[in-house]
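Trainee: Quick one, what's the 3D model for this:
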Amino acid sequence: MVQRRHFLGQSAAMAASVLATTSSLWALPAQAQDGVLRIIVGYPPGGATDRVARIVADKLQASLGSTVIVENKVGAGGRVAAQFVKNAPASQPVLMLANPAVMVVAPLVVNNLGYDPEQDFVPVSEVNRYVFGVAVASAVPVKEMKHLLAWLKANPAKANIGVPATGSLPHFFALMLGQQAGVEAEAVGYKGSAPLLTDLMGGQVPVAVDTLDTLVQQHQAGKLRLLAVSGDARNAVVPDVPTLKEAGVNLSAAGWNTFFAPQSMPAAQVQRYAAAIHKVMQDPEVHRQFAANYLDPVASTSEQTAKALQAYKKQWAPVIQTSGYKP
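Mentor: Residues are numbered from 1 along each chain as shown. Sure thing, here's the model as predicted:
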């Protein structure tokens, strides 16, 4: 999705820009912000995280009985948004919708991050999960995951696995696939899913790992072969595609989008937003819209979200750290 893009480095200029942007918004007249909840998204409009934010915001507005708007604060793979929300004063209601790139990966690989996920934010509610797919180019002579692992092991020089961005979860998942095959796979990072798909279908890269929504249509059109999905259950859109575990690969993984509040937000307000979002995420219409975007809805309390985040960090931290990846 989404979405998960990682800026290669930081600069004093960017930090100054973030500070200036933050100051300008919070300097708006109080009457311009009264009753307005701002949902900050660190990615451009139209991406997966942005779509999730807008689906939830639409329903949340009715649930809260007040205005809810989505603002895109783009830059540094979502980290500009995190720095922005961290500095939000308690008097101005703001939430951030973030994914693992911002709250799990970046803290492990970026120096001088500018925020601490555990100290500067409070988890409010997880709202969805999304899974990855493993796909091969039509020219690659494999039709099952066990065949792919054998092919990678027999052709280590061709063990190049395309991913939509370096430092993304698909990047680290690709390395895990290589380990399963007994080879040191090379994660080939692209600037987004579109160029990755172009090279996969053109045979420039033999294997790809990306979010399921990126791969399904081309799989159904016969332009690539989707061998497995990373979730714990098959996806209803492609019920013929097994999970990795069903295919004999002991791997399971998913990404997520979760709402976070700045540490400055009063606890009672956090719980109010958490309860409202939890209610929204049980709406059948929201479920329908999420399904149309290949997303699994989650109705999670603040406490459940905090526990899920800790489990997620425990799963991914060793993989990220041992990879040696640095932006």
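
Trainee: could you point out which element follows the helix or strand where Ala228 lies?
Mentor: Under the criterion of DSSP states H and E, Ala228 resides in strand 224-229. Counting by DSSP H and E, the next helix or strand C-terminal to strand 224-229 is strand 255-262.

Trainee: returning to that earlier point: helices or strands up against the strand holding Ala228?
Mentor: Packing partners of strand 224-229 (3 or more C-beta pairs under 8 Å, 6 or more residues apart in numbering; DSSP states H and E): strand 132-137, helix 145-154, helix 193-202, helix 212-220. In this view, the C-beta of every residue, glycine as well, is placed from N, C-alpha and C.

Trainee: low-scoring stretches of the chain, by residue?
Mentor: Applying pLDDT under 70 to the chain flags residues 1-34.

Trainee: one step back: the strand holding Ala228 to helix 212-220, inter-axis angle?
Mentor: Computed by axes from the mean of the first three to the mean of the last three C-alpha atoms, to 10 degrees, the angle separating strand 224-229 from helix 212-220 equals 130 degrees.

Trainee: Count the residues that sit near Gln271.
Mentor: Neighbourhood size, Gln271 [other C-beta atoms under 10 Å]: 15.

Trainee: show me the contacts for it.
Mentor: Ser302 (C-beta atoms under 8 Å, 6 or more residues apart in numbering).

Trainee: after the strand or helix carrying it, next one along is what?
Mentor: Gln271 belongs to helix 267-280 when assigned by DSSP H and E. Later in the chain than helix 267-280, the nearest helix or strand by DSSP H and E is helix 284-292.

Trainee: Just the CA atoms of that next one, as CSV, please.
Mentor: What follows is helix 284-292 as a C-alpha-only set of coordinates in CSV (Å, rounded to 0.1, in the frame of the first residue of the first chain):
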residue,chain,number,x,y,z
PRO,A,284,-20.7,-3.1,7.0
GLU,A,285,-20.3,-0.3,4.5
VAL,A,286,-16.8,0.4,5.8
HIS,A,287,-16.1,-3.4,5.5
ARG,A,288,-17.3,-3.3,1.9
GLN,A,289,-15.1,-0.3,1.0
PHE,A,290,-12.1,-1.9,2.6
ALA,A,291,-12.7,-5.2,0.8
ALA,A,292,-12.8,-3.3,-2.5
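
Trainee: Taking helix 212-220 as reference, get the angle to that helix.
Mentor: On the basis of the same axes, to 10 degrees, helix 284-292 is oriented at 60 degrees to helix 212-220.

Trainee: For the strand holding Ala228, give me every contacting residue.
Mentor: 131-138, 140, 142-145, 148, 197, 200-201, 208, 212, 215-216, 218-219, 235, 238, 241-244, 246-247, 249.

Trainee: For the stretch 51-200 of the chain, which segments are assigned as strands?
Mentor: In the stretch 51-200 of the chain, the segments counted as strands under DSSP state E, counting those that start in this stretch are 67-72, 94-98, 121-130, 132-137, 160-163, 186-189.

Trainee: and stretch 147-162, how far apart are its ends?
Mentor: With C-alpha to C-alpha, to the nearest Å as the measure, stretch 147-162 spans 18 Å from end to end.

Trainee: Contacts for that stretch, please.
Mentor: With C-beta under 8 Å, 6+ apart as the criterion, stretch 147-162 contacts 134, 136, 140-142, 174, 177-178, 180-188, 190, 196, 199-200, 205-210, 227, 249.

Trainee: at 6 Å what do you get?
Mentor: Stretch 147-162 is contacted from outside by 142, 174, 178, 180-183, 185-188, 196, 200, 205-209, 227, using C-beta atoms under 6 Å, 6 or more residues apart in numbering.

Trainee: Dump the strands of the stretch 51-200 of the chain to CSV, plus mean neighbour count.
Mentor: As requested, the strands of the stretch 51-200 of the chain are exported to CSV (neighbours: other C-beta atoms under 10 Å):
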stretch, mean neighbour count
strand 67-72, 17
strand 94-98, 27
strand 121-130, 25
strand 132-137, 26
strand 160-163, 24
strand 186-189, 19
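
Trainee: so which of those strands comes closest to Asn293?
Mentor: Nearest of these to Asn293, taken as C-beta to C-beta: strand 121-130 at 8.6 Å.

Trainee: Give me the angle between the closest one and strand 94-98.
Mentor: Using the same axes, to 10 degrees, strand 121-130 lies at 40 degrees relative to strand 94-98.

Trainee: Just the buried residues of the contacts of stretch 147-162.
Mentor: 142, 174, 178, 180-181, 183, 185-188, 196, 200, 205-209, 227 (16 or more other C-beta atoms under 10 Å).

Trainee: ok, now how distant is Leu108 from Pro327?
Mentor: With distances taken as C-beta to C-beta, to the nearest Å, Leu108 is found 11 Å from Pro327.

Trainee: One more: Val298?
Mentor: Counting by C-beta to C-beta, the gap from Val298 to Pro327 is 29 Å.

Trainee: before we move on, what about Met201?
Mentor: In terms of C-beta to C-beta, Met201 sits 28 Å off from Pro327.
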